Structures are given as structure tokens and as C-alpha cells.
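J.: Quick one: sequence and predicted model below, then my questions.
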Amino acid sequence: LEKVSSPYILSIRYLDKELFVDTGQTTETEFPVLLMDWVDGKPLDKYLRENIESKFIIETLLENFYQLSEWLISQPFAHGDLKPDNILVKSDGALVLVDYDGMYVSAMKGQKSREIGSPDFCHPHRSEDFFNEHIDDFSILSILLSLCIVFINKNYLARYGTEDRLLFSKNDYSNIHKSNIYNDITHIIETSTNYKLLFEEACENPAFHLEKGLLTPIIMLIAARSKEVNDAIKELAHLGVWERPKVNKTDISTSPYSHTQQFAARNTTSLSDSIDQDDKNSTKWQSALLLHVLTIAIFLYCSNDSKRIDE
């Protein structure tokens, strides 16, 4: 790990026989020490709960964990106990992994796992024999899905979460089809063509492997939040009572915004293009009536997001 250069991993120094302990419990008196950088940050779950009212902060947290996930599953090593307690959020929103006791590195191939992770964040049937670079894959999927659902509707965290976990528990994983939280969110994750099947497969397969490309549907889940508002605005534009600003598509990919924000921008631009081709002929009373109705609908839909309404 000393050769790994990443903001997600702390710099470390291994000092053999550094600590002398005068004890009668063992014949050993000298023990190694791992020297690591100090991180000022908060555990991911605590940070999420403290900022549950801020859509912007939750979106940033989701985006940052999405990028961490893509990076981690492409590495030849794994953390081994990926959970909110071991993911610190710094003041600028950056994420850092801590607690490396359960890590897998390539030199440990063929060995047994020293620990099997926390029950609410690892596969319910994970054993010490499953020990390779994929031991984080299930945890990544669970945490990422939880953050997506909370981003779409913050009330799920209070309804299903507890102080020491996010939305899912070991009992949910053990019988996913009878899980209350899973059945409650099915209509949300079905907005993605394969995410529902992916999570079900993960719960049923103790040796689940997550490929980088399989995380793409997460973006579709994020976009689901604005679908109803987009549909309403499209109808207003069709009646000629809403004028969308023009967006230059070539500027989107080079913008300083996050991947999720760029995705939303492309979605909005495509919507604007389709609106331009619509026939805007309608009577004034139809426009006025629909404007009032949809304004109320949009207000109610966004009432829980008064601090930041992207659309």
C-alpha cells in the first residue's frame, strides 16, 4: 500500500518491533506499529444524517462515493470492511478510507480472511474462504443503493435506517424478496433497466463480482428524481407557456460540474430539442389552467427541497 497514490488511501509506514510491552501474557515483548496520517472528518452515516436536509450535500456525497466505488473495484486490492464508520468525509466533502485490518492485497492470495466485515454491510453468507479483490463489491452496491434512495427521498433514512447502519440490514439481504425496504423501493430502482436484477443477484451470490460498467444505472436512479418535474415542464413548453434556455451540448462535457450534473444537463438539452419540434398551438385558457395546476404540482413535489431546486 505504500506504493498506492490515491486520496482515498492514507499514507502509511510499517514499523516492525516498534512497541515494547512488559507482559506476562505472552513470550513476545516487541510488537509492530502502523503509522498513519490523521484525518479530520466524520463517518459517512453521521455526515449524511447531519446534512439530511441539504439536497446539494447529499448529491455531492453520492457523487463522491460513486467515484470512490469506480476506483476501488478497479484495484487489485480490497478494503475488507467497507461500511460508513470506515469512510470519513472531510470538510470539503472528500472521502477517505480508514481501518485497514481486514484488507486484501495480491500477496495474500490463497489465504483466509482475518475478518468477514460488518453484518449489515457484507454478504450474509460471506465466509473466511471468500478472500480476494472482490470482497468489497457487495458492500459498495448496498451503500451506493442506499445513498441513491436517500437522495431521491430523504424520508427513507428515518423510516428504515438506524444509528449504526443505513437502509439495509443482514435480514434484508438474507431474504431480499420479503424485505420491507426492498419492496418499498422497487418502483424506484425499476427506473433502471438492470439495477433491480443486479441487487437481487448480489444477495443470492456470496461470491458476487461487481464490474465497473455495472454501476452506470446509478446515474439513471439519480435522474429519476427530476422526471416528474421534467414531464410537467415539457407539457408547459408544448403549450407555449414555458421557454427553456438554449444549452450548447459541446460545453457540457468540458464543464466543471460533476458526472451526475453533466448527465442531467444532457438530459435537459435533449428535452429542449424535442420541445422545439412540438406544436405549440393551444388556447389561452388551456395554457393558464394547466400552468396553475402544474405549478402547484411542482411546488408540492419540490416542497422538501426548498434549499436547492435544480430544475
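T.: Structure's in. What do you need?

J.: Show me where the stretch 201-311 of the chain dips below the pLDDT cut-off.
T.: 216-294, 297-311 (pLDDT under 70).

J.: Contacts for stretch 91-110, please.
T.: Residues from elsewhere that reach stretch 91-110 (Cβ atoms under 8 Å, 6 or more residues apart in numbering): 1, 7-10, 12, 34, 36, 39-41, 44, 57, 60-61, 64-65, 68, 76-82, 85-90, 113-115, 117, 131-133, 135. In short, each C-beta sits where N, CA and C put it, glycine included.

J.: which of those residues are buried?
T.: Buried members of the contacts of stretch 91-110, counted by 16 or more other Cβ atoms under 10 Å: 8-10, 41, 44, 57, 60-61, 64-65, 68, 77-82, 85-89, 113, 117, 131-133, 135.

J.: Just the ones of those residues in strands?
T.: Ile87, Leu88, Val89 (DSSP state E).

J.: can you count the residues close to the nearest residue to His123 once chain neighbours are set aside?
T.: Leaving aside its sequence neighbours, His123 sits nearest to Phe138 (Cβ to Cβ, 6 or more residues apart in numbering; 4.5 Å). Under the neighbour criterion other Cβ atoms under 10 Å, Phe138 is assigned a count of 26.

J.: now swap in His209 and tell me
T.: 13.

J.: so what's it up against?
T.: His134, Asp137.

J.: What backbone torsions are found at it?
T.: Backbone geometry at His209, expressed as degrees, to the nearest 10, gives phi -110, psi 130.

J.: same thing with Ser169?
T.: The phi/psi pair for Ser169 (degrees, to the nearest 10) is phi -130, psi 170.

J.: same deal with Glu163?
T.: Torsion angles, degrees, to the nearest 10, at Glu163: phi -60, psi -30.

J.: mind listing what it touches?
T.: Glu163 neighbours (Cβ under 8 Å, 6+ apart): none.

J.: again, but for Glu200
T.: Ile176, His177.

J.: same thing with Gly117?
T.: Contacts of Gly117 by Cβ under 8 Å, 6+ apart are Gly80, Asp81, Leu82, Lys83, Gly102, Arg126, Ile135, Ser139.

J.: and of those residues, the nearest to Asp164?
T.: Distance to Asp164 across these (Cβ to Cβ) is lowest for Lys83, with 9.2 Å.

J.: what's the burial count for that closest one?
T.: 23.

J.: Leu34 versus the closest residue to it other than its chain neighbours, what's the distance?
T.: Excluding the flanking residues, the one nearest Lys83 by Cβ to Cβ, 6+ apart is Phe121, at 4.2 Å. Phe121 is 23 Å from Leu34, where distance means Cβ to Cβ, to the nearest Å.

J.: ditto for Asn86
T.: From Asn86 to Leu34 the distance is 15 Å (Cβ to Cβ).

J.: who's in contact with the closest residue to Ile87 other than its chain neighbours?
T.: Nearest residue to Ile87, sequence neighbours excluded (Cβ to Cβ, 6+ apart): Leu44, at 4.2 Å. Residues in contact with Leu44 (Cβ under 8 Å, 6+ apart) are Leu61, Phe65, Pro84, Asp85, Ile87, Leu88, Val89, Leu95, Ile143.

J.: how does it look with 10 Å?
T.: Contacts for Leu44 (Cβ atoms under 10 Å, 6 or more residues apart in numbering) come out as 61, 64-65, 83-89, 95, 143, 147, 166.

J.: any chance you could map the helices in the stretch 101-250 of the chain?
T.: 137-152, 155-160, 170-174, 180-189, 195-204, 217-224, 227-238, 249-252 (DSSP state H, counting those that start in this stretch).

J.: still on that earlier bit, I'd like the ones in strands among the buried ones among the contacts of stretch 91-110 as TSV, with distance to Glu200 and pLDDT appended.
T.: Shown next, in TSV, are those (distance: Cβ to Cβ, whole Å; pLDDT from 0 to 100):
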residue	distance to Glu200	pLDDT
Ile87	25	96
Leu88	31	96
Val89	30	96
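
J.: Cool, thanks, signing off.
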